[in-house]
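**Student:** pasting the structure only:
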């Protein structure tokens, strides 16, 4: 056991982590320091502080990590075109290693011997946080109350909170479990656990609007400079503000809804619903500039490595040599991702209708079928002859 009697708890301010504060004090006799990391949804700090204190925390530390999250986690994932199983842009998965890193930093600052989190034994987040912490500092002990305690239902947690005077709204049970940051929202539980049931409109937070959807087609232009998105419709924004702006524009058009059955790291299939307006638009725009500017071999190999990168992030292996090495590969070619991409937006759809870049490898003279064509058509005859030579008259081929 650690000699220090302090624990730093990743604190969301919800029912689970508020009960964790009291439980850690009672079960382990630890001084609890609550850490809240803002990487998306902004919560009322006064409410957080009141809840944490009522549960018994000695201190609440709040850190706005959106800039670091965008710069050091979202951008590398964008460069890698990272989508788990080809769909999920890894919003929650990218946030967890940053939380693990911050837990370790605050534990060192506060001279704590323990860190704790409110992830369950069924999900992926327990792995992402615990592996991250142990990679960065194996001397820190990790406590996961939800895998140990006797509070096996929401009703038991509510009763526990009432008995211990924890100031938290326990009247209305949330319909869904939602985790949100600037790269997207993860929505699960409730009626979504039936993969046949259509998600109700009440499940969505980033793409739900009270007013009617726009009926007219909207044009959107996104600009990049050396791989970094820098402008929306010709206006430049700092990175975090640009992502938030695209979440607003895309969300109003219900762009970025993802409904999938994914394979969790712990071995079960889970129906997951995601919202990722900005991530959807930026991944598509970045990919369009890659298609325009990368040569064929680089583009195709990038796509092979992209799948592996997404698996590493999803599986909680952010702080590993392979992920760092892959980052170096993707970063090496981002200087060519400079230009603009034009979308047409309709409800639920973002279609790329234009792209331009000074690094474009597209040649109108080679591609055109007009009189300006400069392609050597005679060369095609010899090319085809040599390309097919290994298979000409092949006995194996004749039997297919």
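**Tutor:** Nice, I can see it. All figures in this text were calculated on a predicted structure; none of them were measured in a lab.
**Student:** which SSE is residue 242 in?
**Tutor:** helix 239-252 (DSSP states H and E).
**Student:** what sits up against that helix?
**Tutor:** Defining contact as Cβ atoms under 8 Å, 6 or more residues apart in numbering, one finds that helix 239-252 is touched by 66-67, 70-71, 74-75, 182-183, 206-207, 209, 213-214, 220, 222, 228-232, 237, 256, 275, 277-278, 280-282, 345, 350. Yep, even glycine has a C-beta here, placed from its N, CA and C like the rest.
**Student:** name the nearest residue to the residue nearest the centre of the chain, ignoring sequence neighbours.
**Tutor:** The centroid of the chain falls nearest to residue 91 when counting by Cα atoms, centre = their mean (1.6 Å). If you skip the residues right next to it in sequence, residue 91 has residue 184 as its closest partner in space, 3.3 Å away by Cβ to Cβ, 6 or more residues apart in numbering.
**Student:** what pLDDT does the model give the one you found?
**Tutor:** Reported pLDDT at residue 184 in the predicted model: 96.
**Student:** what sits against it?
**Tutor:** Contact partners of residue 184, counting by Cβ under 8 Å, 6+ apart, are 89, 91, 92, 206, 256, 274, 275, 276, 277, 278, 279.
**Student:** 7 Å - rerun?
**Tutor:** Listed by Cβ atoms under 7 Å, 6 or more residues apart in numbering, the contact partners of residue 184 are 89, 91, 274, 275, 276, 279.
**Student:** for the fourth one, grab the count of nearby residues.
**Tutor:** Okay, so that is residue 275. Burial of residue 275, expressed as a neighbour count using other Cβ atoms under 10 Å, amounts to 27.
**Student:** tell me the contacts of it?
**Tutor:** Shown in contact with residue 275 (Cβ under 7 Å, 6+ apart): 184, 185, 204, 205, 206, 207, 256, 257.
**Student:** tell me how far the residue nearest to residue 91 lies from residue 278.
**Tutor:** Here the distance between residue 184 and residue 278 works out to 8 Å (Cβ to Cβ, to the nearest Å).
**Student:** before we move on, back to that, surely the residue nearest to the centre of the chain touches residue 187?
**Tutor:** No. Residue 91 lies out of contact with residue 187 (Cβ atoms under 7 Å); the separation is 11.0 Å.
**Student:** tell me where the stretch 251-400 of the chain is predicted with low confidence.
**Tutor:** Within the stretch 251-400 of the chain, the segments meeting pLDDT under 70 span 394-400.
**Student:** find the residue closest to residue 364 in space, skipping its chain neighbours.
**Tutor:** Across the structure, with Cβ to Cβ, 6+ apart as the measure, the residue nearest residue 364 apart from its sequence neighbours is residue 372 (7.2 Å).
**Student:** returning to what we had before: okay, and which of the contacts of residue 275 map to strands?
**Tutor:** Among the contacts of residue 275, DSSP state E puts 184, 185, 257 in strands.
**Student:** the last one bridge partners, please.
**Tutor:** I take that to be residue 257. When bridges are called by DSSP bridges, residue 257 pairs up with residue 275.
**Student:** show me the strands in the stretch 101-250 of the chain, by range?
**Tutor:** Under the criterion DSSP state E, counting those that start in this stretch, the stretch 101-250 of the chain carries strands at the ranges 114-116, 141-143, 177-181, 184-188, 218-225, 228-232, 235-236.
**Student:** so residue 92 sits against residue 177, correct?
**Tutor:** No. The pair formed by residue 92 and residue 177 falls short of the contact definition of Cβ under 7 Å, at 11.0 Å.
**Student:** neighbour-wise, which of the two wins?
**Tutor:** Regarding residue 92 and residue 177, a neighbour count based on other Cβ under 10 Å identifies residue 92 as having more, with 23 against 15.
**Student:** need the contact list for that one.
**Tutor:** Here residue 92 is in contact with 179, 186 (Cβ under 7 Å, 6+ apart).
**Student:** for it, give its distance to residue 292.
**Tutor:** Residue 92 is 31 Å from residue 292, where distance means Cβ to Cβ.
**Student:** what does residue 160 give?
**Tutor:** Computed as Cβ to Cβ, the residue 160 to residue 292 distance reads 57 Å.
**Student:** for residue 219, same thing?
**Tutor:** Between residue 219 and residue 292 the distance is 19 Å, computed by Cβ to Cβ.
**Student:** and the two? Which one has more around it.
**Tutor:** When residue 219 and residue 292 are compared on other Cβ under 10 Å, the one with more neighbours turns out to be residue 292, at 19 against 11.
**Student:** grab the nearest non-local neighbour of residue 308.
**Tutor:** For residue 308, ignoring the flanking residues on the chain, the nearest one in space by Cβ to Cβ, 6+ apart is residue 326 at 7.1 Å.
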